[in-house]
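Undergrad: Please find the sequence and the predicted model below.
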Amino acid sequence: MATKRIIAKNVDEYIRSFPPSTRAALEKIRMTIKTAAPKAEELISYGIAGYKYPGILIYFAGFTNHASVYPAPREAAEFKKELATY
């Protein structure tokens with residue numbers, strides 16, 4: 001039976017909702033994003049954590065045994081070559 005996840009109100013609450021190993025991975029991702037984009041604003045969208053500045057930069061999500069990162073500016077000219085295979 002699947003467990004229903006409650007949608008968090010903020011990124012702190014989202015990260016706290018995971019087991020310790022996943023929580024550690026999410027905090028590491030969060031700190032990496034904050035270092036790379038210190039002016040970006042945190043948000044919860046699509047039920048996962050993200051950052052925007054001024055538009056959406058990146059999303060990241062936690063799961064029971066892993067974490068995932070979803071780069072958002074897929075159409076940005078600067079990343080066209082790097083993201084072409086995706």
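TA: Structure received.
Undergrad: pull the helix or strand with minimum mean pLDDT from the chain.
TA: Every helix and strand in the chain was compared by mean pLDDT, DSSP states H and E; the lowest is helix 80-83, with a mean of 72.
Undergrad: Next, name the residue at the spatial heart of the chain.
TA: Among the residues of the chain, the one closest to the centroid is Phe60, at 1.9 Å (C-alpha atoms, centre = their mean).
Undergrad: And the helix or strand containing Thr35, what's buried?
TA: Per DSSP states H and E, Thr35 falls inside helix 20-36. Under the neighbour-count criterion of 16 or more other C-beta atoms under 10 Å, helix 20-36 has 22-23, 25-26, 29-30, 33 buried. Every residue, glycine included, has its C-beta placed from N, CA and C.
Undergrad: Next, the angle from the strand ranked longest in the chain to helix 20-36.
TA: Identified as the longest strand of the chain according to DSSP state E is strand 56-62. Here the directions of strand 56-62 and helix 20-36 differ by 170 degrees (axes from the mean of the first three to the mean of the last three C-alpha atoms, to 10 degrees).
Undergrad: Counting by contacts, list what strand 56-62 packs against.
TA: Packing partners of strand 56-62 (3 or more C-beta pairs under 8 Å, 6 or more residues apart in numbering; DSSP states H and E): helix 20-36, strand 48-52, strand 67-71.
Undergrad: Skipping its backbone neighbours, what lies nearest Lys52 in space?
TA: Nearest non-adjacent residue to Lys52, counting by C-beta to C-beta, 6 or more residues apart in numbering: Glu41, 5.4 Å away.
Undergrad: so the one you found makes contact with Tyr51?
TA: Yes - in this structure, Glu41 is within contact of Tyr51 by C-beta atoms under 8 Å, at 6.7 Å.
Undergrad: Comparing the two, which residue is more hemmed in?
TA: Shown here are Glu41 and Tyr51; by other C-beta atoms under 10 Å, Tyr51 has more neighbours (21 against 11).
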